[in-house]
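J.: Dropping the sequence and predicted coords here.
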Amino acid sequence: MRAKIKQADLGSSQLSWLCVQPMLISVRGKDVAAKTEVYRQLNEGQQALFLFYSYHNHTKSLAEFYWFSAYNIIEMKSWSGIQNGMRYFNQNEMVALLDNIERVIIDKNRVGDQWREVTPTDLEQDPKLYPLIEELFILYRAQAQEVIVSINEEILQHQEMYFEIVAEG
């Protein structure tokens, strides 16, 4: 299962997104089983992109970043997959940053063996949490742009794994 890319898109800063966009759009709004089914049909590099963008595309604001980080750690149990995807692309700085995000989420939200309900308003209600998450968010947004540039270069070196070129028109 490879994306169809136009020749003109090969130089796009969105190349890595274009390589996984059809798969993510196909499961938008569907249950975990449907998402898992599509995910299992992908090769390791595509799986890394799938998990990264399923997270990254939901980190546009500070509240989203906090909530979706917690959601991927607590509910989806996909955090280790996101980390492994970054390892696949040799993005060790991002792996370290994801470790730090995970640590803050766990420290705030795990009580013994239980998880407290995470809400975006946690940031407003916890004066210690806000600056921690804000710093991680700023670091993440900057690091993510570098990661995307690097992944785009990797994809261009291994095109056959990610896409096929289609005629424009």
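T.: Done, it's in.
J.: Do you have the helices of the protein handy? List them.
T.: For the chain, the helices defined by DSSP state H cover 15-27, 32-40, 44-56, 62-70, 79-88, 92-109, 122-125, 129-157, 159-162.
J.: Columns mean pLDDT, mean neighbour count and distance to Glu168 on top of the ones you listed, output as TSV?
T.: The way it works is simple: take the backbone N, C-alpha and C, and place the C-beta from them, glycine included. Below are those laid out as TSV (pLDDT from 0 to 100; neighbours: other Cβ atoms under 10 Å; distance: least, Cβ to Cβ, whole Å):
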stretch	mean pLDDT	mean neighbour count	distance to Glu168
helix 15-27	96	19	14
helix 32-40	93	13	27
helix 44-56	97	22	23
helix 62-70	96	21	34
helix 79-88	97	19	30
helix 92-109	97	17	33
helix 122-125	94	15	45
helix 129-157	97	16	18
helix 159-162	96	15	17
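J.: Let me have these in CSV, extended by distance to Asp9.
T.: Compiled in CSV, these are given as follows (distance: least, Cβ to Cβ, whole Å):
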stretch, distance to Asp9
helix 15-27, 6
helix 32-40, 22
helix 44-56, 15
helix 62-70, 27
helix 79-88, 22
helix 92-109, 24
helix 122-125, 37
helix 129-157, 11
helix 159-162, 12
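J.: Lys6 is nearest to which of those helices?
T.: Lys6 sits nearest to helix 15-27 of all the helices of the chain, at 8.9 Å, using Cβ to Cβ.
J.: Tell me which other helices or strands that closest one touches.
T.: Helices and strands touching helix 15-27, by 3 or more Cβ pairs under 8 Å, 6 or more residues apart in numbering; DSSP states H and E, are strand 3-6, helix 32-40, helix 44-56, helix 129-157.
J.: quick check: angle from that helix to helix 129-157?
T.: On the basis of axes from the mean of the first three to the mean of the last three Cα atoms, to 10 degrees, helix 15-27 is oriented at 110 degrees to helix 129-157.
J.: I appreciate the help and will end here.
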